[in-house]
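1. mind looking at a prediction? Sequence and model below.
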Amino acid sequence: MADETGVLVVGEIRAGELDSTTRELLSIGRKLADGVARPLAVVLLGVNLENPSREAIACGAGKVFLAEHSLLAEGELDAAVVALEQVCRQVRLDIVLIARTEAGRELGPRLAFRLGVGLAQDAVALGVDESTKRLLVTRPVYGGNAMAVVTLPSAPQIATVRPKVFEAAGKDPGLRGEVVGMAVEIPDSVRKVRVLQKVTEQGAGTKLDSARVVVAGGRGLGGPESFKELEELARVLGGAVGASRPACDAGWIDHGRQVGLTGKIVTPDLYIAVAISGASQHMAGCSGAKLIVAINSDPEASIFKEAHYGAVGDWRKVLPAFTETVRQLLI
Ligand SMILES: Cc1cc2nc3c(=O)[nH]c(=O)nc-3n(C[C@H](O)[C@H](O)[C@H](O)COP(=O)(O)OP(=O)(O)OC[C@H]3O[C@@H](n4cnc5c(N)ncnc54)[C@H](O)[C@@H]3O)c2cc1C
């Protein structure tokens, strides 16, 4: 073993900086590392990693393992899995944390398979068992209707962690850490997919994931044209439009707008749910909102159990008046 650490965070880099999900993992990773009384480290894959390395140390990583290779430059997953396996085999590890992002959802199971260990997916809470010092992973089961706490008998214990459930670690430029270069061999033959072009979504206005206000619509909207009214309210409030799964499945709005267990997790200051019943799988994506406002014609709709404010009525009548009032208040 070349090195030793307790908790290893698999870093993701976006536009040359640490992704916010990595900073979230570093904040919970610090607590877990303290719980097992072992160091916290991050592994970064790619090229030109000086800036994210400095950031990771400022966010609390005692050590940064750098796996630099030209085949990792475009974030291709086949190469990343090979590199990650090699790093994990060179370092003595208790726990590996991977953000459940698009890349993480694929990396987690592939890494666990290669290392021959177990994996707990979609952690929404993490802790350490006082007596055994083993990781305790809380994750949704039965489509989000119940929570299970699981442990992993193998080592390292790997968990993918749901974004936005932990606060991102703050940056303290005064913190010190060590940067360790890791030799990784990636044969060209592992490359099964090549990135030819990257196209950034030209989504109008604010991004759903980071919006402070989300106006979301459900099946009760009745069709795609109704989303125009939600867009108008979102525009007035400087927010983004979200949707329930049936609205996306019906093709009324892009799947990238889906909020919920199998969609995006959002934690805005204000979540306005229009004609959404409040199924647990939908609420899994928005219950972290500071304030939930629901508009629904059914007074018994379960959304009202979670909403802080609610209007019972036909959204076609409530929403235009609501938007107009907000517009007046903001003038
Ligand atoms: C494994 C799994 C994963 C899932 N993942 C997700 C997910 O990520 N996101 C998600 O959203 N769902 C998900 N679902 C589906 C989820 O269980 C619900 O079926 C879905 O959230 C319901 O969407 P809805 O509230 O838009 O529709 P409905 O449940 O049909 O509710 C429509 C609501 O609109 C109201 N309404 C109707 N007309 C009006 C009107 N004119 N004015 C005001 N209100 C009106 C009705 O009273 C009703 O409450 C998942 C399900 C499973 C099994």
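-> Looks like it came in fine.
2. CA atoms for contacts and neighbours, from now on please.
-> OK.
3. how about the contacts made by the residue nearest to Leu291 when sequence neighbours are not counted?
-> What sits nearest to Leu291 in space, not counting adjacent residues and going by Cα to Cα, 6 or more residues apart in numbering, is Leu270, at 4.8 Å. Applying Cα atoms under 8 Å, 6 or more residues apart in numbering to Leu270 gives the contacts 212-214, 289-293.
4. ok, of these, which one's closest to Met147?
-> Comparing the contacts of Leu270 against Met147 with Cα to Cα places Ala289 closest, at 19.6 Å.
5. okay, now the closest one: neighbour count?
-> 20 (other Cα atoms under 10 Å).
6. again with Ala169
-> Counted with other Cα under 10 Å, residues neighbouring Ala169 total 21.
7. tell me the contacts of it?
-> Counting by Cα under 8 Å, 6+ apart, Ala169 has contacts 23-27, 59-60.
8. cool, Glu55 as well?
-> Per Cα under 8 Å, 6+ apart, neighbours of Glu55: 17-18, 171.
9. cool, and Ser280?
-> Per Cα under 8 Å, 6+ apart, neighbours of Ser280: 144-145.
10. please shift the residue numbers so they start at 391 in all later answers.
-> From this message on, residue numbering opens at 391, which makes the last subject Ser670.
11. tell me the pLDDT at it?
-> Note on Ser670: pLDDT of 92.
12. kindly report the same for the one 4 residues further on.
-> According to the prediction, Ala674 has pLDDT 87.
13. what about it, how many residues close to it?
-> So Ala674, with other Cα under 10 Å, has 22 neighbours.
14. would you check that it makes contact with Gly534?
-> Yes - with contact defined as Cα atoms under 8 Å, Ala674 and Gly534 form a contacting pair (7.0 Å).
15. overlap in contacts, the two.
-> What both Ala674 and Gly534 touch, as defined by Cα under 8 Å, 6+ apart, is the set Leu651.
16. on that earlier part again, next one: phi and psi at the residue nearest to Leu681?
-> Per-residue torsions, Leu660: phi -140, psi 130 (degrees, to the nearest 10).
17. residues in a beta bridge with it, which ones?
-> On the basis of DSSP bridges, Leu660 is bridged to Val603, Leu681.
18. model confidence for the closest residue to Glu394 other than its chain neighbours, exactly?
-> Among residues not flanking Glu394 along the chain, Arg482 sits closest, at 4.6 Å (Cα to Cα, 6+ apart). Here the pLDDT value assigned to Arg482 is 90.
19. and for Gln587?
-> Residue-level pLDDT assigned to Gln587 equals 84.
20. show me where this structure has helices.
-> For the chain, the helices defined by DSSP state H cover 410-425, 440-448, 467-480, 492-505, 617-627, 635-639, 670-673, 693-696, 705-720.
21. any chance of CSV for the ones you listed, columns distance to Thr395?
-> Formatted as CSV, these follow (distance: least, Cα to Cα, whole Å):
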stretch, distance to Thr395
helix 410-425, 9
helix 440-448, 15
helix 467-480, 10
helix 492-505, 17
helix 617-627, 46
helix 635-639, 41
helix 670-673, 36
helix 693-696, 41
helix 705-720, 52
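22. bridged to the nearest residue to Ala536 once chain neighbours are set aside, which residues?
-> Using Cα to Cα, 6+ apart and skipping the chain neighbours, the partner closest in space to Ala536 is Pro530 (5.8 Å). Listed by DSSP bridges, the beta-bridge partners for Pro530 are Met537.
23. surely Pro530 is in contact with Asp512?
-> Yes - between Pro530 and Asp512 there is a contact at 7.4 Å, judged by Cα under 8 Å.
24. coming back round to it: distance check, the residue nearest to Glu394 against the ligand.
-> To the ligand, Arg482 is 36 Å away according to Cα to the nearest ligand atom, to the nearest Å.
25. pick out whichever of Pro530 and Asp512 has more residues nearby.
-> The residue with more neighbours, out of Pro530 and Asp512, is Asp512; 22 against 18, by other Cα under 10 Å.
26. so which bits of the stretch 491-640 of the chain are right by the ligand?
-> Contact residues (Cα under 6 Å from any ligand atom) of the stretch 491-640 of the chain with the ligand: 533, 608-610, 634-636.
27. buried ones among those?
-> The neighbour-count test (16 or more other Cα atoms under 10 Å) applied to these identifies 608-610, 634-636 as buried.
28. mind putting those into TSV with pLDDT and distance to Trp705?
-> As requested, these are arranged in TSV below (pLDDT from 0 to 100; distance: Cα to Cα, whole Å):
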residue	pLDDT	distance to Trp705
Gly608	98	11
Arg609	98	12
Gly610	98	9
Ser634	98	15
Arg635	98	19
Pro636	98	17
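29. out of those, flag the one nearest to Gln476.
-> Arg635 (38.6 Å).
30. got a list of what that closest one touches?
-> 608, 645, 648-650, 653, 672.
31. buried subset of these?
-> Buried among the contacts of Arg635 by 16+ other Cα under 10 Å: 608, 645, 648-650, 653, 672.
32. any idea how many residues pack against Thr395?
-> When neighbours are counted by other Cα under 10 Å, Thr395 comes out with 18.
33. from Gly700, how far out is it?
-> For Thr395, the distance to Gly700 equals 49 Å [Cα to Cα, to the nearest Å].
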